[in-house]
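>>> Just to be clear, the model below is a prediction. Sequence and coordinates:
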Amino acid sequence: MVPHISQPLYLFPHFWRKCHVYLWHDPWFGDGPLSGIIDSGQLTSVRVEYYLVNGQWDRNKLAEDIPFEWIDRICSVPISGASGDSPIWRASSDGQFSLTSAWALIRQQHTPTPLLRIFWGSCLTPTISIFLWRLLLQRLPVDTKLQSRGTSLASRCYCCPDPSFHVSSLVSQSVDSPSIESIDDIFVESPTAKRTGIPHVADSLGLYYRVRTPSLTTHRVVWLPSDPGWVKLNTDGARRASTQIAAIGRIIRGSDAEAILAFHERISAPSCIAAELAALASDLRFVIQRQFTRVWIELDAEVIVRLLSHTDQGHWSLQSSLTVIWNSLSTLEYRITHINREGNTVADALANLGC
């Protein structure tokens with residue numbers, strides 16, 4: 001457990017035949033362990049599987065130990081037998097543990113500095129980034145800095161054994177006298193800096209930007225109908241950050257490309273990905289109600305395709321929606337593919353119409 005962090009791990013119980021998740025003390029419930037919300041009494045070692053019958057919540061058993069007002073919320077957690085118990089790392093977007101996400105939890109974060117973003121940007125080489133960083137911290141080994149640290153520079157100026165001797169007093173005595181190299185002299189006071197400005201000085205010092213030209217590739221996007229005996233489902237979810245309104249859009253077509261149903265609906269979703277998952281879950285419920293058994297699902301959200309193909313584990317807050325979808329898919333013969341937004345224009349327009 002990461003110190004100073006409250007419950008960074010989320011346990012999502014899946015495989016009920018070998019369920020090792022404790023009901024009261026493991027963080028399988030969205031709001032944290034039940035022991036921190038409800039008085040558990042003496043039931044500290046009971047497992048989740050005790051309250052399940054045939055893969056579903058047993059309300060009668062829950063009513064024996066759980067306050068009535070909490071039973072509906074517990075029963076809303078979907079049950080799946082598709083895989084084993086899954087630990088989900090709450091601090092990362094993909095649910096996987098990483099040292100980067102753990103460090104982000106315990107580090108003391110400060111307000112980001114725009115200048116440092118420029119210094120460490122991808123357009124600069126590491127050598128130049130380190131140089132600018134040292135310049136900002138006044139760690140460049142110029143004459144004045146070395147003299148302030150007690151380093152003798154007799155070969156540069158025999159008139160100035162005292163490190164506190166200021167360059168301006170030397171220059172005022174004689175224009176031809178040797179000056180002491182300083183950061184101000186390089187970037188502000190030097191004739192080159194005054195004549196040409198900082199950009200030219202940077203160029204004369206070898207500072208340059210590495211410009212990356214993006215390569216553009218043309219792809220042909222074509223929508224194709226399903227095979228005979230199949231239906232094709234194009235779905236999309238949308239959410240406007242300005243109004244916090246989310247909506248879903250769907251269109252189901254037969255193998256002859258004729259529309260069977262087109263529909264849009266407003267929903268409650270905290271993010272665009274959550275809206276996409278809610279759209280698919282709702283669409284699959286409709287497909288099952290209409291007794292379609294073969295469905296080709298096409299999405300323009302590539303991240304959803306990766307989640308459903310188990311390539312990515314997904315954020316812990318999406319696990320309930322994913323389980324509902326997997327439960328629905330287990331009753332169907334299906335295929336899931338990605339298509340660019342240009343090929344999903346109808347579902348996209350329906351979702352935006354709902355927003």
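Right, received. Where do you want to start?
>>> Which parts of the chain are helices?
Here the chain has its helices, by DSSP state H, at 59-65, 68-75, 99-106, 114-119, 126-136, 143-148, 167-173, 183-184, 191-196, 198-204, 272-289, 302-308, 319-329, 345-354.
>>> Mean pLDDT lowest where, among those?
Ranked by mean pLDDT, those bottom out at helix 167-173, with a mean of 43.
>>> hang on, the earlier thing: got TSV for the helices of the chain, with distance to Trp28 too?
Glycine gets a C-beta too; all of them are placed from N, C-alpha and C. Formatted as TSV, the helices of the chain follow (distance: least, CB to CB, whole Å):
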stretch	distance to Trp28
helix 59-65	14
helix 68-75	10
helix 99-106	20
helix 114-119	39
helix 126-136	44
helix 143-148	58
helix 167-173	69
helix 183-184	58
helix 191-196	64
helix 198-204	56
helix 272-289	19
helix 302-308	20
helix 319-329	10
helix 345-354	32
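>>> Domain-wise, how is the protein divided?
Domain segmentation of the chain under automatic domain parsing yields 9-90, 114-204, 231-354.
>>> do you know which of the helices of the chain lies nearest Trp223?
helix 345-354 (8.7 Å; CB to CB).
>>> If we go by neighbour counts, what in that closest one is buried?
Using 16 or more other CB atoms under 10 Å as the test for burial, helix 345-354 gives 346-348, 350-351, 354.
>>> same deal with stretch 50-60?
Neighbour counts over stretch 50-60 (16+ other CB under 10 Å) mark 51-52, 57, 59 as buried.
>>> From those, which land in strands?
Those of those mapping onto strands are 52, 57, per DSSP state E.
>>> Most widely separated two among the buried residues of stretch 50-60?
It's Leu52 and Arg59 that sit farthest apart of the buried residues of stretch 50-60, by CB to CB, at 11.2 Å.
>>> circling back: most packed of the domains of the chain?
domain 231-354 (a mean of 18; mean count of other CB atoms under 10 Å).
>>> What is the end-to-end distance of that one?
24 Å (CA to CA, to the nearest Å).
>>> sorry, back to before: so which of the domains of the chain gets nearest Ala104?
From these, taking CB to CB, the stretch that ends up closest is domain 9-90, at 11.6 Å.
>>> Just the CA coordinates for stretch 233-249, please, in CSV.
The C-alpha coordinates for stretch 233-249 follow below in CSV (Å, rounded to 0.1, in the frame of the first residue of the first chain):
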residue,chain,number,x,y,z
LEU,A,233,-24.8,-1.9,-35.0
ASN,A,234,-23.1,1.5,-35.3
THR,A,235,-23.1,3.3,-32.0
ASP,A,236,-21.6,6.4,-30.5
GLY,A,237,-21.6,8.4,-27.3
ALA,A,238,-21.0,12.2,-26.9
ARG,A,239,-20.5,14.5,-23.9
ARG,A,240,-20.2,18.3,-24.0
ALA,A,241,-17.8,19.6,-21.4
SER,A,242,-19.4,23.1,-21.4
THR,A,243,-22.9,21.8,-20.5
GLN,A,244,-22.0,18.4,-18.9
ILE,A,245,-24.7,16.9,-21.1
ALA,A,246,-24.1,13.4,-22.5
ALA,A,247,-26.1,11.5,-25.1
ILE,A,248,-25.9,8.2,-27.1
GLY,A,249,-26.8,7.5,-30.7
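>>> before we move on, the earlier item: out of the buried residues of stretch 50-60, which comes closest to Phe119?
Once CB to CB is applied, the member of these that ends up nearest Phe119 is Trp57, at 54.8 Å.
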